[in-house]
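> okay, here's the prediction I keep looking at, along with the sequence it came from:
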Amino acid sequence: MSKYDTFIGLEIHIQLLTETKIFCNCKSNFGDEPNSNVCPVCLGYPGVLPALNEEAVKLSYIVCRAMNCDLAKEGVFERKNYFYPDLTKNYQISQFEKPFGRNGYFEYESGDEIKKIRFHEIHLEEDAGKMIHEGDRSYCDYNRAGTCLLEIVTEPEFKEPQEAEDFLQAFRRAVRHLGVCDGNMDEGSMRCDANISLNLPGKGLGTKAEVKNVNSSRFVKKALQYERKRQEKILKSGGTVIQETRLWDEQRSVTESMRTKEQAHDYRYFPEPDLPPFRPDEAFLQIVEEAQIELPLARKQRFMEQYKLTEVQAEWVCEEKQSADFFEKVVSLGADAVTTAKWLMGNIAKELNARNIAKTDLGTDSCQLTEKRLAELFDLLSNNKIHAKIAVQTLQIIFDEDKNPTNIVKENGWEQSAEDEGELENIVKQILADNPKVVEQIKGGDQKPRGFIVGKVMAATKGTANPQSVQALITKLIEG
Amino acid sequence: MKKIKDYQSKDVQSYLSQVKDNDKDIGAFLEFNDSAEASDIEGTLSSVPFGVKDNIAVEGMHLTCGSKMLENFVSPYDATAVKKLKEAGAICLGKTNLDEFGMGSSTDNSALGVTNNPWDTSRVCGGSSGGSAAAVAAGMVPFALGTDTGGSIRQPASFCGVYGLKPTYGVVSRFGLVAYASSLEVCGILADSVDTTRTVFETIKGKDVNDQTSIDHIPASPEAKTIAVLSGDLGLSPEVEAAYKKAAEAYKEKGFSIIETTLPMLDYGIAAYYTIAMGEASANLARYNGVRYGHRSKDASNFEDLVQKSRDEGFGDEVKLRILLGTYVLRSGFQDQYYTRAQKIRTAVRNEFDSVFEKADLIMLPAFPTQAFVHGDSSLDQFQQKLADKFTVAANLAGVPSMSVPVSVENGLPVGMQLMGPVFSEERIFRAAEVLAEVLPPAACPGKMEVC
């Protein structure tokens, strides 16, 4: 146990899923030809003015509300002044004194506990462009300049690097469920800076270091673990930690000093005169309210309670909003919840994988397996019209041929003949008669050859026979 | 007196060559539109030539802002006001000179050319919209667009004997106006008559999706019966003092009641104005760093060096001074002392105007304490020129409309007075200006260009 308390705070940037940029009509796409989504406004040409994208404001308020923030009655944009080649106006339009959200909180699971992290604020700003360095040259791509960025600032209240990682994963899931961000940390649509300080118990916050350039939640943890050790070593030897910004070096797994407090910018914030303050009206707040959804943690807990899913099943189903919605729709169509969860995690996941269909495609046009088709399949199964093996084959054909399960079963003559016990009995009788040696073996107490007979029956019925019924008939006919 | 339709030209190129000839002694224009041609669009402004201050964007033309920084920059788009005029059939004849980025009141701060006052070429035309005022005074165009951050339309209008309207803040879109001090400035009109001013104003006003600070114009009552004038020693030159009295007498003659008032906040206005303007300018001019467009230093070794050298070489002294002061007042920890305090004064100025407008329909006050001064006049240094803006900056701080109206010619030079009203009272100002013109008709500048 360390003799120091650890204080960790995170600043998360998420790119909002708007079609256009925050202040102009350029597309906000990832991966397009460099400098193809640009115009005089986002390039900061002389004379242009920003025109605020209302969709970005809406998504921001949806996040603020979902994170239990006090919603701003007046949100004000400010200019944050600093020179950098990727910043076209050499000031960033951001928020400072009056952000859209303040005093929020978010619950997440860490280990076996539900923990709560408080948010200091959530504010909307424009993203900068991207620098690409090649040899001794640097290039600027301004496609990202002016895309909508939401910054979420937590209080410095994580105590362990592990908590930061757990939080980030849960938070990522939440924003994906809200449909406001795709959460791709490797593409930079979700980014995280972490600050950490250590101090003796009861002494409050220590002097913090900020760690930048961390592009996965696991690296956030690793960087914080490294940084905690580094600071602990300094403090133990009687030294003082200096306030600075440090960069995470992924290759070497260390943090390195980037700039100290003395070199820090004075951003000279002042209210953006080109944009009037945003004041939400009743209709706007109503839309924000209607966009609220059950967050993944609450939904998972409810699925365990209401549908008796195991934690693993509920976790899997609730990982994406689309999969959870799909699950509930199938159940609402009469399917058994646990069967649905099992199938989703098993057979269906396998098919999705094999076909490169994402879990988030469930319930969309990109996935041939609709809720209705799956419910129908379960219906055939539970009414003994088909047995499990046929059901799996039918599932594959649903994906391959985009057809309804009832039609597939009909076309292939797969209806289980279990209803017609007489016909099945005749087939079994015939096969037993054709294989007298095997019958003798079974009579002699050797159960192994039973499988041989079942196989023959299945072949003769093209697989429609219910294996359990066949077993019962063998017993009945041999042991009589 | 020429009417706007006298300018309608079917042979624009031949007219343009006359203008070019005429401009040799004046230097109003920085660039001419050599592809200008007559318009088929019907209407009052059809085929009427106009000038555009060179800090307002016209597609395909330079947008220099009178600065070496943007000497070679060509605008890829039209400012909203320009677009609306083009849609009405008017023809942009060229871009007019100005103090660099609008910073100055003589146009001598232009890095790209000298503009002389058409009344006396040894004198300045005022500024910063000096080229536009001179072009109108010399009869080259019936109107020109200008911008007014702290008097930049009204003061040159006074110096050149033309009308100069600074509209209510937000009523004319700022989209395409190269920002100097965003919360103070507006796009406005310099014109040879009230009627032309009105026609152009009606054409360019209105809310614009590209400028979210723009607003629709909801006209205030056009009637005016009472005009307030300032009492006490205003520090005016004898000529301006005389013109002020003449104008007041003219209104009395026309049955207006003239009341005397004071505006104590005017003395604080200058400090507040320059604090806000320079603060905003320091951010607005940060984009010129030699990276994407504009002047780029040839011998820079890294990014910081490139920015420093490009800005050092590209900007003139006055621009550098204002950026430095603006950066200073916005430093963290000093905002309460400067920027926030200036905003409080701004509110106080606005309140003071509101209380005067309860008693009077309009306020009449000088545009500038003196007439046009000679180029390089050492008796009025840059600092004193700033102090002399005290009569004009108040309207920018309060966001109210104000028009400089030619009143008289004293010792061969024109003097203008401002008519200032509450927000949206442009038509009230126009009517009052027309009444004044009945008693004191504006004099034409000697040598004014005749339209053929």
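The structure has been received and is ready for your questions.

> around chain B, pick out the residues from chain A.
Residues of chain A found near chain B (Cβ under 8 Å from any Cβ of the partner chain) are A:40, A:43-52, A:79, A:81, A:83, A:85, A:88-91, A:138, A:140, A:266-270, A:273-276. No exception for glycine: its C-beta is placed from N, CA and C like everyone else's.

> of the residues you listed, buried ones?
Using 16 or more other Cβ atoms under 10 Å in any protein chain shown as the burial test, the residues of chain A next to chain B include A:40, A:43-52, A:79, A:81, A:83, A:85, A:88-91, A:140, A:267-270, A:273-275 as buried.

> the stretch 301-450 of chain B against chain A: which residues are in contact?
Neighbours of chain A within the stretch 301-450 of chain B, by Cβ under 8 Å from any Cβ: B:303-304, B:307, B:327, B:330-332, B:335, B:339.

> now the helix ranked longest in chain A, how far from the centre of its chain.
Ranked by residue count under DSSP state H, the longest helix found in chain A is helix A:217-236. From the chain centre to the centre of helix A:217-236 is a distance of 27 Å (Cα atoms, centre = their mean, to the nearest Å).

> next, the residue nearest to B:Ala181 when sequence neighbours are not counted: secondary structure please.
Spatial nearest neighbour of B:Ala181, chain neighbours left out: B:Ala277 (3.8 Å); criterion: Cβ to Cβ, 6 or more residues apart in numbering or on different chains. Three-state assignment for B:Ala277 (DSSP: H, G, I helix; E, B strand; the rest coil): helix.

> thinking again about what came up before, just checking: what are the partner strands of the helix or strand following the longest helix of chain A?
For helix A:217-236, the following helix or strand on the C-terminal side (DSSP states H and E) is strand A:244-249. Using DSSP bridges, the strands paired with strand A:244-249 in its sheet are strand A:209-214 (parallel), strand A:254-260 (antiparallel).

> contacts for the shortest one next, please.
Under the contact criterion Cβ atoms under 8 Å, 6 or more residues apart in numbering or on different chains, strand A:209-214 has outside partners A:192-197, A:220, A:223-224, A:227, A:231, A:241-248, A:255, A:258.

> please pick the buried ones from these.
Neighbour counting over the contacts of strand A:209-214 (16+ other Cβ under 10 Å) leaves A:192-197, A:220, A:223-224, A:227, A:231, A:241, A:243-248, A:255 as the buried ones.

> please flag which of the residues of chain A next to chain B sit within helices.
Among those, none falls in helices (DSSP H).

> deepest of the strands paired with strand A:244-249, which one?
Comparing the strands paired with strand A:244-249 by mean neighbour count (mean count of other Cβ atoms under 10 Å in any protein chain shown), strand A:209-214 comes out on top with a mean of 21.

> tell me the average confidence for that one?
Across strand A:209-214, pLDDT averages out at 91.

> any idea of the angle that strand forms with helix A:217-236?
Here strand A:209-214 runs at an angle of 160 degrees relative to helix A:217-236 (axes from the mean of the first three to the mean of the last three Cα atoms, to 10 degrees).

> show me where the stretch 251-400 of chain A has helices.
Using DSSP state H, counting those that start in this stretch, the helices of the stretch 251-400 of chain A run over A:282-290, A:296-307, A:311-317, A:321-332, A:337-343, A:349-354, A:371-382, A:388-401.

> now do chain B
Under DSSP H, chain B gives helices at B:12-22, B:80-87, B:130-137, B:154-160, B:194-204, B:238-253, B:266-284, B:303-314, B:317-329, B:339-359, B:382-387, B:390-398, B:426-439.

> which stretch in those is the model least sure about?
Among these, helix B:382-387 has the lowest mean pLDDT, at a mean of 75.

> show me what it is in contact with.
Residues external to helix B:382-387 that are found in contact with it (Cβ under 8 Å, 6+ apart): B:104-106, B:270, B:274, B:318.

> now do the strands in chain A.
Ranges of strands in chain A, per DSSP state E, are A:5-15, A:70-71, A:77-81, A:91-95, A:101-110, A:113-126, A:130-134, A:137-141, A:148-154, A:190-199, A:209-214, A:244-249, A:254-260, A:270-271.

> next one: the spatially most central residue of chain A from chain B, what distance?
Centroid-nearest residue in chain A, with Cα atoms, centre = their mean: A:Arg173, separated by 3.9 Å. Distance, A:Arg173 to chain B, by Cβ to the nearest Cβ, to the nearest Å: 35 Å.

> again with A:Ile474
Counting by Cβ to the nearest Cβ, the gap from A:Ile474 to chain B is 80 Å.

> then A:Ala223?
27 Å.

> for the residue lying closest to that residue once chain neighbours are set aside, give me its contacts.
Computed as Cβ to Cβ, 6+ apart, the closest residue to A:Ala223 that is not its neighbour in sequence is A:Trp248, at 4.3 Å. Applying Cβ under 8 Å, 6+ apart, we find A:Trp248 in contact with A:211-214, A:219, A:223, A:254-255.

> I'd say B:Arg346 and B:Thr275 touch.
No: look at B:Arg346 against B:Thr275 with Cβ atoms under 8 Å: they stay out of range, at 9.5 Å.

> pick out the residue in the stretch 351-452 of chain B sitting closest to chain A.
Scanning the stretch 351-452 of chain B for proximity to chain A using Cβ to the nearest Cβ identifies B:Gly399 as nearest, at 11.9 Å.
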